[in-house]
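Novice: What would the 3D arrangement of this be:
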Amino acid sequence: MNPPAERGCNERVSTRAGRSARAQRRPRPALRSPVPARRGGAPRQPFPSVPAPAPQPSPAERRRVLMAAAGLLALLLALPGAPSPGARWTLPPPSNVRHSVDVRHCQLTVRWDPPKPGINHTCALSYETVVWTDGKDDNSREYDVKRSRSVTVDLGKEIVFGVRTECDKIENVHGDLFNITLQQKGLPGTGAINISCIWHNEQYITCSWKAGVNATQNSYNLFYGYVDQPGVQQCTNFSRDRNNFRCTFSYAKSQGTSMLRIVFEGNSEDVRPVCVSGKKFPVKLHPPSIVNISKDSNGVFLKWSKPADRKNLVYGIEIKDTATNSLENDTSDDQTSKSIGLKPNTRHTLRVRVKPKENSESIWSDWSEEAIWDDRETSDNTFNILLYIFIPFCVAVLTIILLVYLKRIKLLILPKIPDPGQVLKKMFEDQSEELQKQSTYDPVKDEQIHSLMLLEPTGNEV
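Specialist: This next block holds a predicted model:
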């Protein structure tokens, strides 16, 4: 028990502390302005009241709050399957990842098992898969709970398959990608290059390619099939010109909804197979033919035939001025005739080509045969007509003259040279005949006698 003096001192201290505490709890009146109001005017506005400062927690209270937060954090860290704060929770990758390749079908199949060790049962596992082709991801990402995936790939290019685990119950919780770089058959640089496939008139496809830069004297075979069908066919309409190859196979318009896969294989295991799949091939239609060209008020009216029984076509028209060799191009959307303005008194040639409008990968057809339009002056045309008639007439007359006088002309140009043997023979024959005549000649026997009468004049003749 405290002495009386100390008890009195303590009572005074506690009394002062109680009064100070009551004074702190008592609200303070608002401060008034020390400046009186102006005469005849409005009173001055008082200074705004200053709020009392909020009571600050004591150091002991702060320590208690920090200890409670640390205990809660330790409890969270002790829970199974909970990520540490400030760090990303990385799930283990799938285990026993294996793959296989079906070359003829351009198909890659990858299978895997769940990660080891397993994850808490509260995390439902799913898998994200992706395929990179030459470093590009062409919308190939998939999310599924299955532990396998089959995908059509372009063999001959760099193929990387990636898979990682994800947790559906916890947001943004997943593992790192487990990547597989596909090891392909054959030697690098031996596969087909510069591949170009064109769908002609939506009836047949022609593919052309060249041998790889590291290929030797090996040949290639082309196999084709549909992505959604298991069958594979070999292209037999095959041709080769040194290192240039070409093959054509049927592919009708009714089959155009099915995606093709085309495989270029070598006749040796050293040649790396190349796949082209899952793409639309450019369409090249047959060229149209010009039906009629006639004069109208604008210039000429050109009409051509439609190359195929289809719509949404665009036509290209080429107009050439033969005098200046200048070219003009025009288009016509799904119309088989058009009025075209031309320069008067000039010779022009016109031709037409076509391509489908809806397919951006389509290419122009070959040009049609040229149609000639010549509206130069009539005198020039008359002269040309007369010239065309006169030249054949002159040729005919000269031919007749040559046929009639051919023998005489031939003798004049090539005179006949006598045969020396015949001349000498004839000369000797003539001489022998004269000698025979002289040897048998008798002048007395052959002399003829004639009577002669001699008359003497009498003088009485007149």
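
Novice: Surely residue 383 is within a helix?
Specialist: Yes - under DSSP: H, G, I helix; E, B strand; the rest coil, residue 383 falls within a helix.

Novice: Please tell me how far it sits from residue 327.
Specialist: 29 Å (CB to CB, to the nearest Å). Using the backbone N, CA and C atoms, a C-beta is placed for each residue, glycine as well.

Novice: Check residue 188 too.
Specialist: 46 Å.

Novice: try residue 384
Specialist: Residue 384 is 25 Å from residue 327, by CB to CB.

Novice: and what of residue 138?
Specialist: In terms of CB to CB, residue 138 sits 40 Å off from residue 327.

Novice: Geometric centre of the protein: which residue is closest?
Specialist: residue 361 (6.3 Å; CA atoms, centre = their mean).

Novice: wait, doesn't that residue sit right on residue 282?
Specialist: Yes - taking contacts as CB atoms under 8 Å, residue 361 lies within contact range of residue 282: 4.5 Å.

Novice: picking up where we left off before, just to be sure, the residue nearest to the centre of the chain is in a helix?
Specialist: No - Residue 361 sits outside any helix when classified using three-state DSSP, being coil.

Novice: Identify the residues contacting it.
Specialist: 280, 281, 282, 283 (CB atoms under 8 Å, 6 or more residues apart in numbering).

Novice: Equivalent analysis for residue 407, please.
Specialist: With CB under 8 Å, 6+ apart, residue 407 has no contacts at all.

Novice: quick one on the thing from earlier: in strands, which of the contacts of residue 361 fall?
Specialist: residue 283 (DSSP state E).

Novice: Who has more neighbours out of residue 384 and residue 327?
Specialist: Just comparing residue 384 and residue 327: by other CB atoms under 10 Å the higher neighbour count belongs to residue 384, 12 against 9.

Novice: And that one, how far from residue 370?
Specialist: From residue 384 to residue 370 the distance is 19 Å (CB to CB).

Novice: buried ones in stretch 329-347?
Specialist: Residues 332, 336, 338, 340, 342 are the ones in stretch 329-347 that count as buried (16 or more other CB atoms under 10 Å).

Novice: Output these in TSV, with pLDDT and secondary structure appended to each entry.
Specialist: Converted to TSV, the buried residues of stretch 329-347 look like this (pLDDT from 0 to 100; DSSP: H, G, I helix; E, B strand; the rest coil):
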residue	pLDDT	secondary structure
332	82	strand
336	89	coil
338	90	strand
340	87	strand
342	85	coil
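
Novice: among these, which two are most distant?
Specialist: Across those, the longest distance by CB to CB is 19.3 Å; it joins 336 and 342.

Novice: ok, residue 315 touching residue 288?
Specialist: Yes - contact criterion CB under 8 Å: residue 315 and residue 288 qualify, at 7.1 Å.

Novice: Give the residues shared as contacts by the two.
Specialist: Listed as contacting both residue 315 and residue 288 by CB under 8 Å, 6+ apart are 304, 336, 352, 353, 354.

Novice: is it fair to say the fourth one lies in a helix?
Specialist: No - the assignment for residue 353 (three-state DSSP) gives strand, which keeps it out of a helix.

Novice: Next, count neighbours for it.
Specialist: Residue 353 has 19 neighbouring residues, counting by other CB under 10 Å.

Novice: show me what contacts it?
Specialist: Each residue near residue 353 by CB under 8 Å, 6+ apart is listed here: 287, 288, 315, 316, 318, 364, 365, 366, 367, 368.

Novice: Next one: it relative to residue 329, how far apart?
Specialist: The value you get for residue 353 to residue 329, if CB to CB is used, is 10 Å.

Novice: now swap in the third one and tell me
Specialist: With the distance defined as CB to CB, residue 352 ends up 11 Å from residue 329.
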